[in-house]
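Colleague: okay, structure incoming, though there's no sequence with it:
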């Protein structure tokens with residue numbers, strides 16, 4: 001939300017007065033006399049009796065129109081507005097005299113609306129003397145207004161802005177981001193959607209985002225050179241999300257000593273190399289290309305990995321290599337990752353080659369505790385697969401450490417049942433096995449499934465088996481997966 005500044009004493013544009021049109025009550029105009037002029041206790045203005053320190057905490061939570069009204073009707077609130085932290089969101093800036101919200105817009109009307117909004121934004125930034133906590137744009141384009149946008153970000157840098165969100169919809173052309181944005185050294189969170197970053201190869205840009213901890217690039221246009229330069233300039237970065245960058249970043253090479261979480265989703269990248277990430281704890285991937293080459297060279301603190309699709313062209317974890325060539329698994333197991341605790345994988349459990357690769361992948365993580373499995377299966381089990389599983393020797397993580405297993409989009413087919421029974425009879429310290437069902441999950445069906453799973457043969461007598469209905473279970477991970485406070489971003493059942 002945004003807070004409008006006090007309107008000047010001079011004449012106002014009719015477009016701007018639309019923000020504050022509302023019948024005034026006497027109690028609103030003169031809070032101190034409201035109790036004496038009204039016999040009703042409901043008319044007493046208790047809010048204005050609060051001390052300034054409390055009113056300053058209320059102001060950032062007001063909507064644009066509420067903030068404008070308080071600034072117009074109370075000189076005390078107007079004074080507080082100038083020093084309270086500013087939340088400016090253009091989604092709250094609409095002029096009813098130009099175009100009511102929710103109605104179709106012609107190109108001329110759209111231009112008038114944007115021009116009005118730009119004037120209001122400039123006025124807010126010019127009038128507000130306090131710090132800026134949030135600056136968010138989704139409807140105000142930069143095209144043809146590059147100098148104005150440049151001045152906005154210069155002002156935001158001076159006001160120590162903490163968070164900038166440029167979340168333009170895909171129906172817009174990519175918006176060119178001014179270079180001054182990359183000089184906001186107070187910035188802690190930056191989210192860019194359908195933006196084009198400056199080409200630093202043609203025009204060098206000094207990137208000084210030294211306090212930035214969270215960066216999200218959604219459909220952003222930037223080159224590999226710009227991406228590497230951006231990472232090198234974000235020396236405190238903890239969370240990085242690259243989303244829907246289908247063809248703009250074919251190769252992603254990550255070198256960051258501060259990065260703790262990397263999310264890659266909806267990407268057509270053919271290479272993802274983690275070359276130097278000594279503090280990386282989470283590597284989250286969803287809807288990635290089957291042609292991807294994933295290579296983890298140095299991530300000694302990696303604790304969480306997935307979703308892994310076993311059809312990826314090549315997977316390298318240290319010196320261990322997993323490769324699927326002509327539907328034949330080529331596996332070289334040389335490195336064990338003892339730090340990994342959570343793994344999410346998609347596997348065709350009726351396919352012998354994929355199951356074999358999956359088992360070797362489990363051997364690569366001997367201390368694994370939580371396993372998410374999204375099964376893609378035929379209803380009929382493959383006898384070759386189950387003969388292979390029955391003849392398996394010990395798998396360290398399954399025998400000694402695996403505590404939680406979650407099946408996503410579970411349908412109760414024969415292949416899923418047999419695979420679950422394999423884990424049930426092997427996992428000695430299993431605490432919970434959860435079946436997230438996208439279809440019906442009635443009591444009768446659950447009773448039948450529990451019988452078919454042969455739970456009396458379980459290796460862990462303390463294990464619990466839970467069936468839940470969750471239509472979101474087809475999602476690969478939670479929409480806020482980059483939030484490090486989430487213990488398990490793959491769990492959509494909350």
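Modeller: Looks like it arrived, so ask away. Just so you know, these numbers come straight off a predicted model, no measurement behind them.
Colleague: contacts, neighbours, all on C-alpha from now
Modeller: Fine.
Colleague: wait, residue 269 sits on residue 253?
Modeller: No. The criterion here is CA atoms under 8 Å, and residue 269 misses it with residue 253 at 10.6 Å.
Colleague: could you pull out the strands in the stretch 101-250 of the chain for me?
Modeller: 132-137, 163-167, 175-176, 189-193, 195-196, 214-218, 239-243 (DSSP state E, counting those that start in this stretch).
Colleague: returning to what we had before: residue 269 and residue 253: which is more packed in?
Modeller: Under the criterion of other CA atoms under 10 Å, the comparison of residue 269 against residue 253 puts residue 269 first, with 24 against 16.
Colleague: contacts only, for residue 340.
Modeller: Residue 340 sits next to 301-305, 365, 367-368 when contact means CA atoms under 8 Å, 6 or more residues apart in numbering.
Colleague: look up the closest residue to it, ignoring the ones flanking it.
Modeller: Spatially, and ignoring its direct neighbours in sequence, residue 340 is nearest to residue 303 (4.0 Å; CA to CA, 6 or more residues apart in numbering).
Colleague: my guess is the one you found contacts residue 342. True?
Modeller: Yes. Counting by CA under 8 Å, a contact exists between residue 303 and residue 342, whose distance comes to 6.3 Å.
Colleague: how about the helices in the stretch 101-250 of the chain?
Modeller: For the stretch 101-250 of the chain, helices defined by DSSP state H, counting those that start in this stretch occupy the ranges 107-127, 146-158, 224-233.
Colleague: how about the shortest one: buried residues?
Modeller: Buried residues in helix 224-233, counted by 16 or more other CA atoms under 10 Å: 226-227, 229-233.
Colleague: the first one too?
Modeller: Of the residues in helix 107-127, those with enough neighbours to count as buried (16+ other CA under 10 Å) are 113-114, 116-118, 120-121, 124-125.
Colleague: tabulate those residues in JSON lines, adding columns for pLDDT.
Modeller: Below are the buried residues of helix 107-127 laid out as JSON lines (pLDDT from 0 to 100):
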{"residue": "113", "pLDDT": "80"}
{"residue": "114", "pLDDT": "85"}
{"residue": "116", "pLDDT": "88"}
{"residue": "117", "pLDDT": "90"}
{"residue": "118", "pLDDT": "93"}
{"residue": "120", "pLDDT": "90"}
{"residue": "121", "pLDDT": "93"}
{"residue": "124", "pLDDT": "89"}
{"residue": "125", "pLDDT": "93"}
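Colleague: what about residue 323, how many residues nearby?
Modeller: Residue 323 has 20 neighbouring residues, counting by other CA under 10 Å.
Colleague: my bad, residue 343
Modeller: Residues lying near residue 343 (other CA under 10 Å) number 24.
Colleague: test my guess that it contacts residue 374.
Modeller: No. Look at residue 343 against residue 374 with CA under 8 Å: they stay out of range, at 11.3 Å.
Colleague: same question for stretch 345-354: list its buried residues.
Modeller: Neighbour-count burial for stretch 345-354 flags 345-354 (criterion: 16+ other CA under 10 Å).
Colleague: now intersect these with the helices, please.
Modeller: Of the buried residues of stretch 345-354, the ones assigned to helices by DSSP state H are 352-354.
Colleague: contacts only, for residue 271.
Modeller: With CA under 8 Å, 6+ apart, residue 271 has these contacts: 250-253, 292-295.
Colleague: now, which of the residues you listed sits nearest residue 456?
Modeller: Using CA to CA, residue 294 comes nearest to residue 456 of those, at 40.3 Å.
Colleague: tell me the secondary structure for that closest one?
Modeller: strand (DSSP: H, G, I helix; E, B strand; the rest coil).
Colleague: just the pLDDT at it, thanks.
Modeller: pLDDT recorded at residue 294 is 93.
Colleague: for residue 226, same thing?
Modeller: Residue 226 carries a pLDDT value of 92.
Colleague: so it is in contact with residue 200, correct?
Modeller: Yes. Counting by CA under 8 Å, residue 200 is a contact partner of residue 226 at 6.1 Å.
Colleague: low-confidence stretches in the stretch 151-300 of the chain?
Modeller: Residue ranges of the stretch 151-300 of the chain with pLDDT under 70: 246-247.
Colleague: re the thing from before, could the ones in helices among the buried residues of stretch 345-354 go into JSON lines alongside distance to residue 437 and pLDDT?
Modeller: Shown next, in JSON lines, are those (distance: CA to CA, whole Å; pLDDT from 0 to 100):
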{"residue": "352", "distance to residue 437": "25", "pLDDT": "88"}
{"residue": "353", "distance to residue 437": "26", "pLDDT": "87"}
{"residue": "354", "distance to residue 437": "23", "pLDDT": "88"}
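Colleague: which one of those residues sits closest to residue 53?
Modeller: Proximity of these to residue 53 (CA to CA) peaks at residue 354, which lies at 61.8 Å.
Colleague: got the contact list for that closest one?
Modeller: Contacts of residue 354 by CA under 8 Å, 6+ apart are 310-311, 329, 347-348.
Colleague: from the residues you listed, which one has the minimum pLDDT?
Modeller: residue 329 (67).
Colleague: okay, the residue lying closest to residue 308 once chain neighbours are set aside: pLDDT?
Modeller: Once flanking residues are discounted, residue 308 sits nearest to residue 345: 4.6 Å by CA to CA, 6+ apart. At residue 345, the pLDDT value in this model is 94.
Colleague: pretty sure residue 345 contacts residue 306?
Modeller: Yes. The criterion here is CA under 8 Å, and residue 345 meets it with residue 306 at 6.0 Å.
Colleague: who touches both of the two?
Modeller: With contacts taken as CA under 8 Å, 6+ apart, residue 345 and residue 306 have no neighbour in common.
Colleague: all strands of the stretch 251-400 of the chain, in order?
Modeller: Taking DSSP E, counting those that start in this stretch as the test, the strands found in the stretch 251-400 of the chain are 251-255, 261-265, 271-276, 282-286, 293-296, 304-309, 314-317, 320-325, 328-332, 342-347, 370-375.
Colleague: returning to what we had before: got a markdown table for the helices of the stretch 101-250 of the chain, with distance to residue 390 too?
Modeller: Below are the helices of the stretch 101-250 of the chain laid out as a markdown table (distance: least, CA to CA, whole Å):
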| stretch | distance to residue 390 |
| --- | --- |
| helix 107-127 | 66 |
| helix 146-158 | 63 |
| helix 224-233 | 47 |
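Colleague: nearest to residue 315 among those helices would be which one?
Modeller: Between residue 315 and those, the shortest gap by CA to CA is with helix 224-233, which sits at 21.3 Å.
Colleague: hmm, who's touching the closest one?
Modeller: With CA under 8 Å, 6+ apart as the contact definition, helix 224-233 has outside contacts at 197-201, 207-210, 237, 249, 251-256.
Colleague: and the angle for that helix with strand 251-255?
Modeller: Inter-element angle recorded for helix 224-233 and strand 251-255: 20 degrees (by axes from the mean of the first three to the mean of the last three CA atoms, to 10 degrees).
Colleague: quick check: residue 337 touching residue 365?
Modeller: Yes. Counting by CA under 8 Å, residue 337 does reach residue 365; the two are 5.2 Å apart.
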